[in-house]
Each structure stands twice: as structure tokens, then as C-alpha cells.
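J.: Quick one: sequence plus predicted model below, questions after.
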Amino acid sequence: MLDKKTKFKPINVEVMRLRVQSLRKENDLTQIQMSEIAGIAKQNYNNFERGRNNQKLSLQQIWCFSQYFGKPLEYFIGADSPAKENKTSDSEIDLMKRENKHLQEKVEILEDNVGLLKDSLAMCREKNNKKEKAG
């Protein structure tokens, strides 16, 4: 029997997210297919996988993935074994590296766009100044 002082570790949602995403990619499945397996809306699955809107999966949805992929529930919550509990698999590390590279590319694009917008704003101001002087 557990006493009231027993502390339990919370489920690591980030580990769950990475493991579900890794399984999807390793099995060449789409987000739509994953949402169908879990029985949830595509947008809810997309939010979960991207870590948006604090979207989490229910036990029933995790169970669906467990059955589909033949993995124990413990795998999805990051408690598959005490030795592995805090370790990240190579495929998860590769996925994080690809996501990081993708995010860095987005940042570069955004920085370029900011520069273009600043140039456009400066040109507009210059045209307005010329019109004011001419008028």
C-alpha cells in the first residue's frame, strides 16, 4: 500500500510528443493518418505534435497508438525502463536536430523579410518627403 507521502513523477509530455512524432515519421504516416488512429481531429493532433495550445493526448488516444505501433503505454510516457527514463533515442535526437535546423532557416527568412520591410518603409518615407517638399 502506498503512503500519502509517495511522490510520483509527472508524465513528460515532451517525451511523449517526440516519441509519437518519431513513430509517425519512421512509419511514413501523415498527421491525418495519426489523427485517425487516435480518433481525434487533425488540428488537435497537429497542435499536440507541434506543442501548441497545451494540447495533450488522453489515455484512450495514447492507448490507440500503443496498440497500433505495438509499444507499451510506458514507452509513450517516458517510463519504459528506469535506465532509459531520461534518455533520448537517436531518432529523437535526429528529429530535434532537423527541427532546430528548420527553425534556424525560418529565423533567417524572417530576418531577411524584416530587412526588406525596413527598406520599403524607408523608400515610402523618402517618397512622402519628396511629395511634401514639392507640394
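T.: Received it, and whenever you're ready, just let me know what you need.

J.: max-length helix in this structure?
T.: As assigned by DSSP state H, the longest helix anywhere in the chain is helix 90-134.

J.: Show me what it is packed up against.
T.: helix 13-26 (3 or more C-beta pairs under 8 Å, 6 or more residues apart in numbering; DSSP states H and E). Using the backbone N, CA and C atoms, a C-beta is placed for each residue, glycine as well.

J.: what's the angle between the helix it packs on and helix 90-134?
T.: If you take axes from the mean of the first three to the mean of the last three C-alpha atoms, to 10 degrees, helix 13-26 sits at 100 degrees to helix 90-134.

J.: Tell me what angle the helix or strand just after helix 13-26 forms with helix 13-26.
T.: Next helix or strand after helix 13-26 toward the C-terminus (DSSP states H and E): helix 31-38. Here helix 31-38 runs at an angle of 110 degrees relative to helix 13-26 (the same axes, to 10 degrees).

J.: ok so, going back, please state the offset of the longest helix of the chain from the chain centre?
T.: 23 Å (C-alpha atoms, centre = their mean, to the nearest Å).

J.: do stretch 44-59 as well
T.: Distance, centroid of stretch 44-59 to centroid of chain: 8 Å (C-alpha atoms, centre = their mean).

J.: Show me what that stretch is in contact with.
T.: 13-14, 16-17, 20-21, 24, 31, 34-35, 38, 40, 65 (C-beta atoms under 8 Å, 6 or more residues apart in numbering).
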